[in-house]
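Novice: Structure, please.
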Amino acid sequence: MKKLIVLLVSCLLTVSLAVTAAAAGGSPKIVDNANLLTSYEETSLEEKAEALVEKYEMDVVILTVKSTNAEDITAYADDYFDYYGYGIGSDYSGVLLVLSMAEREWAISTCGETIDALSDYAQDQIMDEVTPMLGSEDYYEAFSTYLDLLDEELAASTQELNIFQRIIISLVIGAIAGGITILVMRSKMKTVRRQSAAVDYVKQGSYYLRDQRDIYLYSRTSRVRKQSSSGGTSTHRSSSGRSHGGSRGRF
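Specialist: Residues are numbered from 1 along each chain as shown. Presented below is the predicted three-dimensional model:
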């Protein structure tokens, strides 16, 4: 009987831990395999990353490794994200930053909605500030700054998306209202018949044309839209077949 109780308690604990892990996104957000951080620093960054996950419903992961063992660091980042269960929602939204110490390289891998939310330009802006800290081996400060800047970029991207959605909604409502107005006006003009010439609207003998001149009332100017500094996002396929965005560099 005691063995049965112990077994039941063990099963309940296992299920409880599994549910807790699933609610937290399934996997740790800070994976320091290169041992660059203290326990306190790792916990602090984990809490910070988890806050971003909850705020934006996108996975946020930082990974450090001693070496990629000659594997391309972009492929390494993509595969780690895919095969270690990261990503939120049906499109596996999230972003992973990996640091390889032997190669002195870093790479960012984005997936799902995060591909559009974090453009190539945004990634460059973030890493321009973070890379010097990595070079000076101030890893905790570098990762903390990275998460802060990531928060700023995602917040700006979310705001732009909300504004775009409001504009679309306003245009749709305006089009519907305009269409209804036109239909109402047309329904009140059933007795009006279209005329083929302007003379049909002028009373005979009431109008005399004494002078004729060609006057250009309008001019047309062609403009080429300038590309936004925010740019777009380049994508590629990982070994799992998923679409990823991202960038890479050295420190």
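Novice: Okay, now the unreliable bits of the stretch 1-150 of the chain?
Specialist: 1-26 (pLDDT under 70).
Novice: Strands of that one, start to end?
Specialist: For the stretch 1-150 of the chain, the strands defined by DSSP state E, counting those that start in this stretch occupy 30-32, 59-65, 94-100, 105-111.
Novice: and Asp82, which of these is closest to it?
Specialist: Asp82 lies closest to strand 105-111 among these, at 7.9 Å (C-beta to C-beta). C-beta here means a position set from N, CA and C on the backbone, and glycine is covered the same way.
Novice: list the helices and strands the closest one packs on?
Specialist: Identification of packing neighbours for strand 105-111 by 3 or more C-beta pairs under 8 Å, 6 or more residues apart in numbering; DSSP states H and E yields helix 73-83, strand 94-100, helix 120-135, strand 243-250.
Novice: what's the most buried one of these?
Specialist: With neighbours taken as mean count of other C-beta atoms under 10 Å, the helices and strands packed on strand 105-111 reach their highest mean count in strand 94-100, at a mean of 26.
Novice: From the contact counts, what lies against that one?
Specialist: Partner elements for strand 94-100 (3+ C-beta pairs under 8 Å, 6+ apart): strand 59-65, helix 73-83, strand 105-111, helix 139-187.
Novice: quick revisit: the helices and strands packed on strand 105-111 into TSV, with extra columns for distance to Ala34?
Specialist: Shown next, in TSV, are the helices and strands packed on strand 105-111 (distance: least, C-beta to C-beta, whole Å):
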stretch	distance to Ala34
helix 73-83	13
strand 94-100	7
helix 120-135	12
strand 243-250	16
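Novice: mind checking which of these is nearest Ser39?
Specialist: It's strand 94-100; of the helices and strands packed on strand 105-111, that one is closest to Ser39 (C-beta to C-beta) at 18.4 Å.
Novice: strands paired with that closest one, and their directions?
Specialist: Sheet pairing for strand 94-100, assigned by DSSP bridges, gives strand 59-65 (parallel), strand 105-111 (antiparallel).
Novice: Just the C-alphas of the first one, formatted as PDB.
Specialist: Looking back up the chat, that one is strand 59-65. What follows is strand 59-65, C-alpha atoms only, in PDB (Å, rounded to 0.1, in the frame of the first residue of the first chain):
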ATOM      1  CA  ASP A  59       9.900  32.800 -26.900                       C
ATOM      2  CA  VAL A  60      13.100  34.600 -25.900                       C
ATOM      3  CA  VAL A  61      16.200  32.500 -25.500                       C
ATOM      4  CA  ILE A  62      19.900  33.100 -24.800                       C
ATOM      5  CA  LEU A  63      22.300  30.300 -25.400                       C
ATOM      6  CA  THR A  64      26.100  30.100 -24.800                       C
ATOM      7  CA  VAL A  65      28.200  27.200 -26.000                       C
END
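Novice: now the angle from it to helix 73-83?
Specialist: Using axes from the mean of the first three to the mean of the last three C-alpha atoms, to 10 degrees, the inter-axis angle of strand 59-65 relative to helix 73-83 is 130 degrees.
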